[in-house]
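Q: Structure of the sequence below:
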Amino acid sequence: MTGGARRRHVDDGWHDNFNALAGRLLVPPVVRTLVYAQDPARVKRWAERVAARWDFTQIVPAHWEAPVAASPRDLERAFAFLGDETVDAFPAADLARGLKPIARIFVK
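A: Next comes the predicted model:
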């Protein structure tokens, strides 16, 4: 390999991780860690207000196919991690290898 690049091994069990996350609304780890962690209480209040004010049936996400069939309850579930870090927790080993070291540098 050139330029000091290393080949990453995809851990066994990635299919299980994918299946656990697929088919529903989910806030990705990078957004949780680098953006929403800055003021989780404020983000939680925002999500609760949106869910309480509108009786929507679809959401247009920033990525992926759109629209996504979703209710206010689905939105609340997607942001439930803000009140309980064990909700939709991502594999610790995956985060430790990639996102957590970056977060330690940029998030104060």
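Q: Helices of this protein, residue ranges please.
A: Using DSSP state H, the helices of the chain run over 14-21, 29-34, 40-53, 72-78, 92-97, 99-106.
Q: can you put these in TSV and add mean neighbour count and mean pLDDT?
A: (C-beta placed from N, C-alpha, C; glycine too.) As requested, these are exported to TSV (neighbours: other C-beta atoms under 10 Å; pLDDT from 0 to 100):
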stretch	mean neighbour count	mean pLDDT
helix 14-21	11	71
helix 29-34	16	82
helix 40-53	14	96
helix 72-78	16	94
helix 92-97	12	66
helix 99-106	12	70
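Q: As JSON lines, these with distance to residue 85 would be great.
A: Below are the helices of the chain laid out as JSON lines (distance: least, C-beta to C-beta, whole Å):
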{"stretch": "helix 14-21", "distance to residue 85": "16"}
{"stretch": "helix 29-34", "distance to residue 85": "9"}
{"stretch": "helix 40-53", "distance to residue 85": "10"}
{"stretch": "helix 72-78", "distance to residue 85": "14"}
{"stretch": "helix 92-97", "distance to residue 85": "11"}
{"stretch": "helix 99-106", "distance to residue 85": "13"}
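Q: And these: which comes nearest residue 63?
A: Set against residue 63 and scored by C-beta to C-beta, the helices of the chain come closest in helix 29-34, at 10.4 Å.
Q: For the closest one, name the packing helices and strands.
A: Contact analysis of helix 29-34 by 3 or more C-beta pairs under 8 Å, 6 or more residues apart in numbering; DSSP states H and E lists helix 99-106 as its packing neighbours.
Q: Residues in contact with the helix it packs on: which ones?
A: Outside helix 99-106, the residues within contact range by C-beta atoms under 8 Å, 6 or more residues apart in numbering are 29-30, 33-34, 37.
Q: Appreciated, that's everything.
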